[in-house]
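Colleague: Any chance you could fold what I've pasted below:
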Amino acid sequence: MSWGVDDTSVRVALRIRPQLANEKIDMCRTCTHVPPGEAMVTLGKDKSFTYDHVFDTNSQQEKIYESCIQPLIEGCFEGYNATVLAYGQTGAGKTYTMGTGFDINISAEEQGVIPRAVEHLFRGIGERRKAALERGDPPPEFKINAQFMELYNEDINDLFDASKEPGKKSHIKIHEDANGGIYTVGVTTRAVSSKEEIVQCLKMGALSRTTASTNMNAQSSRSHAIFTIHIKQQRVVRNEAPPSEEEKDDTDKETDTAAAINDFETLTAKFHFVDLAGSERLKRTGATGDRQKEGISINCGLLALGNVISALGDPKKKGSHVPYRDSKLTRLLQDSLGGNSRTLMIACVSPSDRDFMETLNTLKYANRARNIKNKVSVNQDKTSKIIQELRAKVVELETELLEYRQGRRTIGEDGVECINDMFHENTMLQTENNKLRMRIKAIQETVDSQATRISQLMADHAIWQLHKAGEDGADQVGSMIQGYMKEIEELRGKLIESESMVTHLQRRISNQGLTLSTSLSSRSPSHIALTGGLDSSDLTSQFGGGSPVSPIAEDTESIISLAKKDLENLKHKKNRWRKRHNSESSDKENRSDGEEEQDGEGEKNG
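Modeller: Next up, the predicted model:
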């Protein structure tokens, strides 16, 4: 079960430890049963509980980490807070599961949650830096800080402070920022840059933690331990700038017109590893003196934690006051329960029947925690958040502008925005067109399959006839083969005839074009004018009496029309010349007649 971005519920994982040697010696029976492949446990005969993860007595540390904690570490790289808290009765295996004991003889397979998470954290940092260099981006910068503190008798102790005197009260204060986040003042913060450094810090803090021996556990934790890792990350966010209109219209430009705009964003996250002290009964632990006071303080803190879980998880108490301030433990875990954090509770129980009541109380406690809803959000700096919101707004406005340009949105006469009906109609037509294309494709596939099926049936029929004929039906087989050969020869003859007709037509068209161009070039414009233009019989003889349909015939028609226009122009010129000549000759005759009359009158006068 993976963690989603919008998943805000507190997850609960149940781990059942194996029976101890003294429990086997005392002949204790197992009172828990886990059905194979189901996240459910049955206590006794009729008490069943369902959780997000259930790990039986034979479960390994690696499987628990990969199933529950690994997604939380990946979420820290994206800016999400996370909390893992181990709860259960004393001696149930909480410290072993969390890995805060640091036994010298422990093997790599038995490492707890915290060492594995630290290794995963620095491995993820290396992988992200390598991936950024391969993309050509600046590698992200990480700053890792660690804090380790314990809550002993309602007093917060700094486990990194070796100079603190035993029994002296600390001056660590718990504060709340403007966003509701909880932070501490006065706790030593150590900057770490490698897995080895953080593991060394864990070992040093574990040695400073308060432990003691009781009747139920030889090394009982007498305090609540909280190990916190603060992760600050500054990385490059590549945003693709949308191309402009000129870049969209100009197809000759480079295809990579979108300029990459690199912005830096800062993400912060904190990871709480909480190892709660075990709930215990004084009758069974046999604690006295200081151990008794420690047990009472532990139970008071767990009671306050239970009240907070009930107030947050009970639907009947929704909206009521949540008593975070009843204990410093609940105050420190205010972010993890109902706040900005992805929280996982690991409930550790004993399978022995003598711990039946403690196991039942732990299962009820964990079942109520599943109902808590947290308010998970990314811890991003304000500048990066504002830039991201503005970019989202720009994308929204560009989408709206594109819809106006495409005609999807229009403004009516009354100034009210509405959706264009033509756009809907176009969309419907496109959808119908796509459906028809799919149908045509399906029909074509059906036709192909049917053709294949028909050919297969024909082949099967021919084979069946061959088998049916056998040796006695040689004449029938021969006639069948003769029919097939005849059909093949007919098809082959038609193919050859078609090819020869195509070749003949191509030659004829080319020859007609050459002949027409030669005849036109051999005739002068005066010849065309005197003969009254080109005769249609010439074109008929060139194109076989049909109408010209080829490109050469179209050119011939244009040449004929031009020749006719030239001929008409020549005729007009000739008519004008004749009229002018006739008018000049008539003028000369008139002048000559006038001169003769003048000469005759002169002779008479003389």
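Colleague: switch to C-alpha atoms for all contacts and neighbour counts from now on
Modeller: OK.
Colleague: Output the below-cut-off pLDDT ranges for the stretch 1-150 of the chain.
Modeller: Residue ranges of the stretch 1-150 of the chain with pLDDT under 70: 1-7, 101-105.
Colleague: Strands along that one, start to end?
Modeller: Secondary structure of the stretch 1-150 of the chain by DSSP state E, counting those that start in this stretch: the strands cover 11-16, 32-33, 40-43, 47-50, 53-55, 82-88, 141-152.
Colleague: In terms of pLDDT, where does Ser336 sit?
Modeller: Model confidence at Ser336, given as pLDDT, is 89.
Colleague: Distance of it relative to Arg342?
Modeller: 7 Å (CA to CA, to the nearest Å).
Colleague: same deal with Gly124?
Modeller: With CA to CA as the criterion, Gly124 and Arg342 are 19 Å apart.
Colleague: Which one's more surrounded, those two?
Modeller: Arg342 (29 against 15; other CA atoms under 10 Å).
Colleague: distance of that one from Phe423?
Modeller: Taking CA to CA, one finds Arg342 at 45 Å from Phe423.
Colleague: Check Ala39 too.
Modeller: Using CA to CA, Ala39 is found at 52 Å from Phe423.
Colleague: can you list the residues that contact stretch 22-32?
Modeller: 41-44, 351-354, 356 (CA atoms under 8 Å, 6 or more residues apart in numbering).
Colleague: Mind giving me the PyMOL select for those, buried ones only?
Modeller: A single PyMOL command selects the buried members of the contacts of stretch 22-32 (16 or more other CA atoms under 10 Å):
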select buried, resi 41+43+351+352+353+356
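Colleague: which of the contacts of stretch 22-32 sit farthest apart?
Modeller: Within the contacts of stretch 22-32, two members stand farthest from each other by CA to CA: Val41 and Arg354, at 17.6 Å.
Colleague: Could you list the low-pLDDT ranges of the stretch 151-300 of the chain?
Modeller: For the stretch 151-300 of the chain, the ranges with pLDDT under 70 are 166-167, 210-221, 238-262, 280-288.
Colleague: for it, what spans make up the helices?
Modeller: Secondary structure of the stretch 151-300 of the chain (DSSP state H, counting those that start in this stretch): helices at 195-208, 245-249, 282-285, 290-313.
Colleague: burial of Thr57, as a residue count?
Modeller: 14.
Colleague: One more: the one 4 residues further on?
Modeller: Counted with other CA under 10 Å, residues neighbouring Gln61 total 19.
Colleague: oh, and call the first residue 32 from now on, that's how I've got it
Modeller: Got it, the first residue is 32 from now on, which makes the last one we talked about Gln92.
Colleague: Quick one: residues contacting it.
Modeller: Residues in contact with Gln92 (CA under 8 Å, 6+ apart) are 128, 140-144.
Colleague: I'd like the residues you listed laid out as TSV, including neighbour count and distance to His612.
Modeller: Output for these, formatted as TSV (neighbours: other CA atoms under 10 Å; distance: CA to CA, whole Å):
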residue	neighbour count	distance to His612
Thr128	24	129
Glu140	9	127
Glu141	13	130
Gln142	22	128
Gly143	24	127
Val144	24	124
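Colleague: mind putting the residues you listed in JSON lines, distance to Ile494 included?
Modeller: Formatted as JSON lines, these follow (distance: CA to CA, whole Å):
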{"residue": "Thr128", "distance to Ile494": "75"}
{"residue": "Glu140", "distance to Ile494": "69"}
{"residue": "Glu141", "distance to Ile494": "72"}
{"residue": "Gln142", "distance to Ile494": "73"}
{"residue": "Gly143", "distance to Ile494": "74"}
{"residue": "Val144", "distance to Ile494": "73"}
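Colleague: roughly how far apart are Thr126 and Ser254?
Modeller: 11 Å.
Colleague: again, but for Ala162
Modeller: Distance from Ala162 to Ser254, by CA to CA: 42 Å.
Colleague: Which of those two has more residues huddled nearby?
Modeller: Ser254 (26 against 13).
Colleague: my read: that one touches Ile187, true?
Modeller: No: using CA atoms under 8 Å, Ser254 is not in contact with Ile187, being 9.7 Å away.
Colleague: tell me, what's touching those two both at once?
Modeller: With CA under 8 Å, 6+ apart as the test, Ser254 and Ile187 both reach Glu181.
Colleague: one step back: any chance of the strands of the stretch 32-181 of the chain in TSV, plus distance to Gln411?
Modeller: As requested, the strands of the stretch 32-181 of the chain are exported to TSV (distance: least, CA to CA, whole Å):
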stretch	distance to Gln411
strand 42-47	24
strand 63-64	44
strand 71-74	38
strand 78-81	35
strand 84-86	31
strand 113-119	15
strand 172-183	14
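Colleague: Can you check which of those strands gets nearest to Val447?
Modeller: strand 113-119 (47.9 Å).
Colleague: which other residues reach the closest one?
Modeller: Applying CA under 8 Å, 6+ apart, the set of residues contacting strand 113-119 is 100, 103-104, 106-107, 125-126, 128-129, 300-310, 367, 372-380, 390, 393.
Colleague: Tell me which of those fall in strands.
Modeller: When DSSP state E is applied, the contacts of strand 113-119 are split such that 300-306, 373-380 fall in strands.
Colleague: Can you flag the buried ones in those residues?
Modeller: Among those, the ones that count as buried (16+ other CA under 10 Å) are 300-306, 373-380.
Colleague: and of these, the nearest to Trp608?
Modeller: The closest of those, once distances to Trp608 are taken by CA to CA, is Ala300, at 106.7 Å.
Colleague: So which of the helices of the stretch 182-331 of the chain is the most surrounded?
Modeller: Highest mean neighbour count among these (mean count of other CA atoms under 10 Å): helix 321-344, with a mean of 20.
Colleague: List of residues touching that one?
Modeller: Counting by CA under 8 Å, 6+ apart, 183-185, 243, 253-255, 308-311, 313, 318, 348-349, 351-355, 357-361, 368-369, 396, 399-404 sit against helix 321-344.
Colleague: Please apply the same query to stretch 294-303.
Modeller: Under CA under 8 Å, 6+ apart, the answer for stretch 294-303 is 107-116, 257-270, 409-412, 415.
Colleague: correct me, but Ile47 touches Cys379?
Modeller: Yes: if you go by CA under 8 Å, Ile47 and Cys379 touch, sitting 6.0 Å apart.
Colleague: Return every residue with contacts to both of these two.
Modeller: Common neighbours of Ile47 and Cys379 (CA under 8 Å, 6+ apart) are Ala123.
Colleague: Any idea how many residues pack against the closest residue in space to Arg266 that isn't next to it in sequence?
Modeller: Once flanking residues are discounted, Arg266 sits nearest to Pro171: 4.4 Å by CA to CA, 6 or more residues apart in numbering. Other residues near Pro171 come to 20 when the count uses other CA under 10 Å.
Colleague: And Ala113, by the same measure?
Modeller: Ala113: 26 neighbours (other CA under 10 Å).
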